[in-house]
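S.K.: What would the 3D arrangement of this be:
(chains A and B)
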2 protein chains.
Amino acid sequence: MVTPVKIVVIGSGNVATHMAAALDRVADVIQIYSPNHSHAERLAKSLKDATPVSTLDAIDPTADYYIIAVKDDAIAGIADNLPVTSDEAVWAHTSGSVPSNVFSGKCRNYGVFYPLQTFNRLTEVDFAKVPMLIEGNSTVTSQRLFTLAEKISGNVRFADSTDRKLFHLAAVFACNFTNRLWAISDEILRTRGFDLTLLEPLLRMTLDNALKSSPADVQTGPARRHDSAVISSHIEQLPDDYAEIYRLISENIANAYPNEQN
Amino acid sequence: MVTPVKIVVIGSGNVATHMAAALDRVADVIQIYSPNHSHAERLAKSLKDATPVSTLDAIDPTADYYIIAVKDDAIAGIADNLPVTSDEAVWAHTSGSVPSNVFSGKCRNYGVFYPLQTFNRLTEVDFAKVPMLIEGNSTVTSQRLFTLAEKISGNVRFADSTDRKLFHLAAVFACNFTNRLWAISDEILRTRGFDLTLLEPLLRMTLDNALKSSPADVQTGPARRHDSAVISSHIEQLPDDYAEIYRLISENIANAYPNEQN
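M.R.: Model (predicted):
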């Protein structure tokens, strides 16, 4: 008989909630820790057989994995106060921006168990499709975290702290900045009583095309065509701050496609 | 017995192909015109009962609608050489950027029949979800084009030339510029052997969230948090041209959310 993997989840927010649910389907989440007992209780209740705890020294020392899914700036405080656990136990946090050496000298086996996804209470996440990025302080620990990640996701990779930093930078461009451009677009549309949802089929097709080939291959629009008449007329319609963004990105596109002048 | 609506489609490119297929399911596309006969023939063959023609004077004068789906700069040339058709016939082009008065003085009933979507040969389009934007040179013509559009799309609206110009500007921000940011993100990821597909679940979730509420409500990232340490470290990692884009959009986000300083 195979002994089920035992996991303690530290945290009760969005990441902890989605992560605990996914892990509980493939392993035994035995405890949920949160300093706020009622938060720990609420999350524990949604799982098969988990107990809520609200002090670190109440944490069960016999688990195989301890997954810390709390806000970035709370990780170091927990790492500084790790309870004693077995020599085999692996501690890992789920953050993209905290280095794994936050655990250095605090426990024997540690690493990162980072889901490259944004989570909120309202939206179901299909964890099988979430890229899981793994780092461990030894080959064995890396492999053990990898094996656990493979139980919940079909897309698991090793990624060190340098990689994770790069993903964060890439995500700022691909998600935060694009969202801002959608907000500007939405604002423009609202001046005549429309909104961004009008562009939904176009937005989805643009994203599909970018992912299917590569975004550089499917670039379209007046800047790529070096269509200065359209570019000027657009800039004239915009307030200064949006005009500056329009000008800079158009210039960047035009420079990236220099041989396609009309 | 209701006489089926008869339509002539002018053009044989991507828009014409998708449009003719959609119209042929709800009406009779009786002719396809293209100056290149083999192109007209290939498209006509894919329809129920359409004849290919390659000269404008071979166009059937008895159709109800003539839909011009050709490149923007070819529309005026066709409008200048319209064949004589019945008094009831409606001529319309499918462009977002050509004003409807390109037909002024050339025919009696005219307008715009604009699908707000990008088309390519490889991707099927669910026309039912494509916003159709309608303009006519009279109330009756507007209504007739609206009625035709409703046969193929569940999302039909009136939009005049000023509206269409605004949509184009909004789409440049929402599609062309975001695609460029994805290209930059892709380039950043490739420096360590990854690519944009790694971010796919994150990108889809970001778009879903922006459409579900409004992009201004779901903005996240270091600029919104006024996290100057992360912003500086990101800018240091970037080449000058990308650093300038990073700085400008971050500034714009920070200014849009002034009351959320750490």
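
S.K.: Who does the residue nearest to residue A:149 when sequence neighbours are not counted form a beta bridge with?
M.R.: Sequence neighbours aside, residue A:132 is the residue nearest to residue A:149 in space, at 3.9 Å (criterion: C-beta to C-beta, 6 or more residues apart in numbering or on different chains). C-betas here are computed from N, CA, C, even on glycine. The partner list for residue A:132 in beta bridges (DSSP bridges) reads residue A:115, residue A:156.

S.K.: Please report the distance of residue A:201 from chain B.
M.R.: Distance of residue A:201 to chain B, given as C-beta to the nearest C-beta, to the nearest Å: 5 Å.

S.K.: what sits against that residue?
M.R.: B:116-117, B:125-126, B:129-131 (C-beta atoms under 8 Å, 6 or more residues apart in numbering or on different chains).

S.K.: Pull out the buried residues from those.
M.R.: B:116-117, B:125, B:130-131 (16 or more other C-beta atoms under 10 Å in any protein chain shown).

S.K.: export those to TSV and tack on pLDDT and distance to chain A?
M.R.: Supplementary listing: the buried ones among the contacts of residue A:201 in TSV, determined by pLDDT from 0 to 100; distance: C-beta to the nearest C-beta, whole Å:
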residue	pLDDT	distance to chain A
B:116	92	6
B:117	91	5
B:125	87	8
B:130	94	5
B:131	95	6
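
S.K.: which of those residues lies closest to residue A:43?
M.R.: residue B:131 (41.7 Å; C-beta to C-beta).

S.K.: does that closest one really touch residue B:154, like I thought?
M.R.: No. Residue B:131 lies out of contact with residue B:154 (C-beta atoms under 8 Å); the separation is 9.5 Å.

S.K.: which SS state does whichever residue of the stretch 51-200 of chain A sits closest to chain B fall under?
M.R.: Going by C-beta to the nearest C-beta, chain B is nearest to residue A:176 of the stretch 51-200 of chain A, at 3.1 Å. Following DSSP: H, G, I helix; E, B strand; the rest coil, the label given to residue A:176 is helix.

S.K.: ok, now which ones touch it?
M.R.: Counting by C-beta under 8 Å, 6+ apart, residue A:176 has contacts B:219-224, B:253.

S.K.: Could you do residue A:101 as well?
M.R.: So residue A:101 contacts residue A:161 (C-beta under 8 Å, 6+ apart).

S.K.: Tell me the spacing between it and residue A:133.
M.R.: 16 Å (C-beta to C-beta, to the nearest Å).

S.K.: Then residue A:190?
M.R.: For residue A:190, the distance to residue A:133 - C-beta to C-beta - is 38 Å.

S.K.: Tell me which stretches of the stretch 51-200 of chain A form strands.
M.R.: Shown for the stretch 51-200 of chain A, the strands assigned by DSSP state E, counting those that start in this stretch span residues A:51-53, A:65-68, A:90-93, A:109-115, A:132-136, A:156-158.

S.K.: possible to save these as TSV with mean pLDDT and mean neighbour count?
M.R.: Below are those laid out as TSV (pLDDT from 0 to 100; neighbours: other C-beta atoms under 10 Å in any protein chain shown):
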stretch	mean pLDDT	mean neighbour count
strand A:51-53	98	19
strand A:65-68	98	25
strand A:90-93	98	27
strand A:109-115	97	25
strand A:132-136	97	23
strand A:156-158	95	16
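
S.K.: Can you lay out those strands as CSV showing distance to residue B:235?
M.R.: Below are those laid out as CSV (distance: least, C-beta to C-beta, whole Å):
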stretch, distance to residue B:235
strand A:51-53, 42
strand A:65-68, 30
strand A:90-93, 26
strand A:109-115, 23
strand A:132-136, 24
strand A:156-158, 27
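
S.K.: need the contact list for residue A:230.
M.R.: By C-beta under 8 Å, 6+ apart, the neighbours of residue A:230 are A:222, B:97, B:168.

S.K.: Give me the lowest-pLDDT entry from the residues you listed.
M.R.: Among the contacts of residue A:230, residue B:97 has the lowest pLDDT, at 85.

S.K.: residues in contact with it?
M.R.: So residue B:97 contacts A:230, B:72, B:164-165, B:168 (C-beta under 8 Å, 6+ apart).

S.K.: Now, those that are in helices?
M.R.: A:230, B:72, B:164-165, B:168 (DSSP state H).
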